[in-house]
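Colleague: what follows is a protein structure lacking sequence information:
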């Protein structure tokens with residue numbers, strides 16, 4: 001385990017808080033964000049994560065730098081699962097786009113807290129009881145099988161949101177960016193915006209059970225683990241805005257994510273006998289996700305070239321339903 005100087009922790013927290021402050025300042029207000037701006041911000045977050053990894057490499061050595069890169073790649077790829085859930089929650093609760101940034105920002109801030117708890121408790125458990133690594137590996141393999149069988153793009157609702165909606169007194173529609181509104185009879189009611197935030201936090205806790213053990217498969221250094229986790233999830237808001245309109249078309253992505261989880265699980269289970277350095281691990285992770293995305297796009301292009309059969313005598317191609325539902329400008333059905 002690498003000895004982390006206190007000043008590096010200070011630099012890390014200063015960088016994270018500064019980036020969060022800039023993100024909050026530049027996206028306050030009620031205006032939406034263009035797709036191009038979301039792409040730019042996603043690139044900014046990715047660059048910030050890689051630059052900090054370069055600092056880790058320079059300060060703590062090549063081994064720590066490679067471990068950071070591998071853990072960051074794992075968390076970044078598995079964060080795509082979070083984006084699927086964000087999309088389902090916002091659509092099921094009809095959260096307007098202008099209010100989504102506030103929920104995503106607070107959700108990411110809460111994720112930083114919960115990930116810290118998981119990582120430091122997990123590191124302490126691994127240091128004291130070596131057999132815990134087999135438990136983590138087993139969790140990852142079971143989760144890999146679940147992800148392989150269940151395509152998150154086909155989810156129609158979120159179980160955490162459904163459970164909360166049956167237990168919280170709440171309104172049926174959103175009220176701007178307000179989490180609570182006062183009923184005429186004097187009661188305070190939660191809005192769907194609060195339900196969306198709670199759903200995001202509960203879901204991230206469940207995802208942390210999978211993603212944090214996956215990061216443990218490449219390193220057990222708490223600083224490397226937490227800093228890579230933090231920089232991977234900081235860009236979730238921008239990543240969501242970039243991918244929300246295309247995730248439904250990546251039909252094979254869950255196979256790649258399942259492969260990443262299975263790879264991390266096998267790496268932990270076989271660690272006493274097989275050692276794989278961090279950089280080859282990065283290559284395997286990138287290849288698994290990249291091939292699944294490529295296969296999805298290739299299948300979609302192939303289908304687009306084949307005209308769909310309409311009524312008898314009509315050979316024109318007919319567009320299928322949008323996986324994300326009708327757009328905001330779509331005419332209402334009669």
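Modeller: Yes, it's here. Source: prediction; values computed, not measured.

Colleague: which residues of the stretch 101-250 of the chain score low on pLDDT?
Modeller: For the stretch 101-250 of the chain, applying pLDDT under 70 flags the ranges 151-167, 170, 172-176, 185-186, 245-248.

Colleague: touching, residue 114 and residue 203? I think so.
Modeller: No - using Cβ atoms under 8 Å, residue 114 is not in contact with residue 203; the gap is 10.9 Å. The way it works is simple: take the backbone N, C-alpha and C, and place the C-beta from them, glycine included.

Colleague: compare neighbour counts for those two and give me the winner.
Modeller: Using other Cβ atoms under 10 Å as the criterion, residue 114 and residue 203 rank with residue 203 on top: 23 against 16.

Colleague: find the nearest non-adjacent residue to that one, please.
Modeller: Excluding the flanking residues, the one nearest residue 203 by Cβ to Cβ, 6 or more residues apart in numbering is residue 85, at 4.9 Å.

Colleague: helix or strand for the one you found, just tell me which one.
Modeller: Using DSSP states H and E, residue 85 sits in helix 62-93.

Colleague: summarise which helices and strands that helix is packed against.
Modeller: Contacts defined by 3 or more Cβ pairs under 8 Å, 6 or more residues apart in numbering; DSSP states H and E place helix 62-93 against helix 35-60, helix 97-128, helix 159-165, helix 192-216, helix 222-233, helix 236-243, helix 253-269, helix 278-305.

Colleague: the same query, at a cut-off of 7 Å, please.
Modeller: helix 35-60, helix 159-165, helix 192-216, helix 222-233, helix 236-243, helix 253-269, helix 278-305 (3 or more Cβ pairs under 7 Å, 6 or more residues apart in numbering; DSSP states H and E).

Colleague: redo these as JSON lines? Include distance to residue 14.
Modeller: Shown next, in JSON lines, are these (distance: least, Cβ to Cβ, whole Å):
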{"stretch": "helix 35-60", "distance to residue 14": "11"}
{"stretch": "helix 159-165", "distance to residue 14": "33"}
{"stretch": "helix 192-216", "distance to residue 14": "23"}
{"stretch": "helix 222-233", "distance to residue 14": "12"}
{"stretch": "helix 236-243", "distance to residue 14": "20"}
{"stretch": "helix 253-269", "distance to residue 14": "30"}
{"stretch": "helix 278-305", "distance to residue 14": "26"}
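
Colleague: out of those helices, deepest packed?
Modeller: helix 222-233 (a mean of 25; mean count of other Cβ atoms under 10 Å).

Colleague: what's it packed up against?
Modeller: Checking 3+ Cβ pairs under 7 Å, 6+ apart, helix 222-233 ends up next to helix 6-26, helix 35-60, helix 62-93, helix 97-128, helix 192-216.

Colleague: can you give me the offset of that helix from its chain's centre?
Modeller: How far helix 222-233 lies from its chain's middle: 14 Å, per Cα atoms, centre = their mean, to the nearest Å.

Colleague: so that helix versus helix 192-216, what angle?
Modeller: Helix 222-233 runs at 140 degrees relative to helix 192-216, counting by axes from the mean of the first three to the mean of the last three Cα atoms, to 10 degrees.

Colleague: what's in contact with helix 222-233?
Modeller: 4, 9, 12, 16, 48-49, 52, 56, 64, 67-68, 71-72, 75-76, 79, 108, 111-112, 115-116, 119-120, 123, 215, 219 (Cβ atoms under 7 Å, 6 or more residues apart in numbering).

Colleague: circling back to that earlier point, what comes up buried for the helix holding residue 85?
Modeller: Residues of helix 62-93 classed as buried by neighbour count (16 or more other Cβ atoms under 10 Å): 64-90, 92-93.

Colleague: and if you look at stretch 182-193?
Modeller: 190-193.

Colleague: same deal with stretch 128-145?
Modeller: So for stretch 128-145, counting by 16+ other Cβ under 10 Å, buried means 132-133, 136-137, 139-141, 143-144.

Colleague: mind checking which of those are in helices?
Modeller: 132-133, 136-137, 139-141, 143-144 (DSSP state H).

Colleague: residue 140 versus the residue nearest to residue 232 when sequence neighbours are not counted, what's the distance?
Modeller: Among residues not flanking residue 232 along the chain, residue 75 sits closest, at 3.5 Å (Cβ to Cβ, 6+ apart). Separation of residue 75 from residue 140 (Cβ to Cβ, to the nearest Å): 13 Å.
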